[in-house]
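Peer 1: starting from these lines, generate the structure:
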Amino acid sequence: MAEGAPGPGAAPGDSGDDGGDEGAPRAPVRAEGAHQPEYAERTASWPGLLGVFLKLGVVAFGGPVAHIAMMDKEVVERRRWVHRQHFLDVMAATNLLPGPNSTQMTMHIGYVQRGTAGVWAAGSAFILPAALITFALTWLYVELRDLPAMDAVFYGVQPVVIAVIATAMVRLAPTAASEWRTRGVFAGALALGLLGVNELVVLALGALAGVVLYRWRPWQRRPRRGVNGMVITPLAPWLATTPTPTAAPDLVWQLAWLFAKFGVTLFGSGYLLVAYLQTDIVDRFGLLTTEQLIEAIVIGEMTPGPLFTVSTAVGYMVGDVPGAVVATVAIFFPSFFLAMLLGRWMPAIKRSEVASAVLKGLTAAVLGVMLAVAVEIGMRVIVDVPTGALALAALAALVWTRVSAILLIPIGGLLGYLWITFVA
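Peer 2: Sure, this is the predicted structure:
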């Protein structure tokens, strides 16, 4: 069936009124050519599927919320490739899986339409443009980094990036710490993060705390349900952390191991990747400085697509072209398989009370880890009154106005250049 063609039972101009009782419920229209026809009204052609996600990979600025809003307009409203209720259900369920949520949404839409091949096609089409743009900007940055003006520019950019990270936490806080139990998990995660406890351990404890606080009723005997095991399976990477190797015979293989670990354990906001990179790439192995990491984040913020393409910039800075390729592939690769699991387990996950409890604990723990790392990075970046004032001004602008980070970052760079060149 061609892209945009009405599904069976939806002839052009047909309002759906078959002359029966007015107001009688109607079964959803099924796209019989799709892999999961019960979730779609129309069937996508291969060129249509690839074209939509290639376009989104080029123009989707603004983070996962903006990405998902664009997807809703393109694939739900305009093309009807996914029923809106299923789109919303998947959006909630992706929060239970590690990896970039908006990218996994593209993969799941591909699964609904074309099965396993659709997962790989849609996900790759969304990731590739952003990764290539990030690679080009990183190459340009490395070529120009030794210019004296670059230090002045990043003097102003770095406080703005701290404000961007802080803004993400301000927006997540009402959901992540909405009542006393989640606030307790958040406070505990923050304390452990400031004490230097490994972030994977903190997330695992957050998941456990969610189950204990929301599901543990020792006075009640509950029947065991297979669905709970199905939910815990994709969460196993958080609950069974593995040690990071202290050395690797080859830098590229070390990058592959680290970014694959990030890909299977990174839950929640893409900004949690900052915590992982700071802990492993900067503090544990010394492959970059905090300042270089922030510069990589800047490049990721100024490019479209998933924030996880920061891995492309970090990989290039550490290991040149091979490092960029390996880091990008390693961090995104697990998401393809997780998206396929989500497609198959979606009904069971939606019904699981354990999944809901785990999600509440993990979300609060993520926010605590993010804040702990933001404090650590902020102490290294905000070194004087001008950087402190710029960070506060950027935070106020992001919280109380509609200005975007993409605009504030170059403004910060300009102010930093002017201050260092003409005032300091």
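
Peer 1: where does the stretch 51-200 of the chain have low pLDDT?
Peer 2: Across the stretch 51-200 of the chain, the ranges flagged by pLDDT under 70 are 61-63, 65-66, 92-93, 95, 172, 175-176.

Peer 1: can you show me the helices along it?
Peer 2: Under the criterion DSSP state H, counting those that start in this stretch, helices of the stretch 51-200 of the chain are mapped to 63-71, 84-93, 101-144, 148-176, 180-194, 199-215.

Peer 1: in the last one, what counts as buried?
Peer 2: By neighbour count, and taking 16 or more other CB atoms under 10 Å as the criterion, the buried residues in helix 199-215 are 199-200, 202-211, 213-215. Heads up, the C-betas are built off the backbone N, CA and C, glycines and all.

Peer 1: now, which of those residues sits nearest residue 404?
Peer 2: residue 199 (28.0 Å; CB to CB).

Peer 1: and residue 5, what's its pLDDT?
Peer 2: Per-residue confidence at residue 5 stands at 41 (pLDDT).

Peer 1: cool, residue 22 as well?
Peer 2: Predicted confidence (pLDDT) for residue 22: 43.

Peer 1: one more: residue 314?
Peer 2: As summarised for this prediction, residue 314 has a pLDDT of 95.

Peer 1: residues contacting it?
Peer 2: Counting by CB atoms under 8 Å, 6 or more residues apart in numbering, residue 314 touches 277, 281, 288, 293, 296, 327.

Peer 1: again, 10 Å this time
Peer 2: 134, 138, 255, 258-259, 273, 277, 281-282, 287-288, 292-293, 295-297, 299-300, 323-324, 327-328, 331 (CB atoms under 10 Å, 6 or more residues apart in numbering).

Peer 1: and for residue 375?
Peer 2: So residue 375 contacts 162, 166, 190, 193, 194 (CB under 10 Å, 6+ apart).

Peer 1: if you set the cut-off to 8 Å instead, what comes out?
Peer 2: Contacts for residue 375 (CB under 8 Å, 6+ apart) come out as residue 194.

Peer 1: what of residue 154?
Peer 2: Residue 154 neighbours (CB under 8 Å, 6+ apart): 291, 294, 295, 298, 413, 416.

Peer 1: distance of it from residue 412?
Peer 2: 9 Å (CB to CB, to the nearest Å).

Peer 1: what ranges does the stretch 201-350 of the chain have for its helices?
Peer 2: Ranges of helices in the stretch 201-350 of the chain, per DSSP H, counting those that start in this stretch, are 226-239, 251-265, 272-276, 290-301, 310-351.

Peer 1: wait, which of those is closest to residue 128?
Peer 2: That would be, of these and by CB to CB, helix 310-351, which comes in at 9.3 Å.

Peer 1: quick one: low-confidence ranges for the stretch 301-424 of the chain?
Peer 2: Scanning the stretch 301-424 of the chain for pLDDT under 70 picks out the ranges 346-351, 424.
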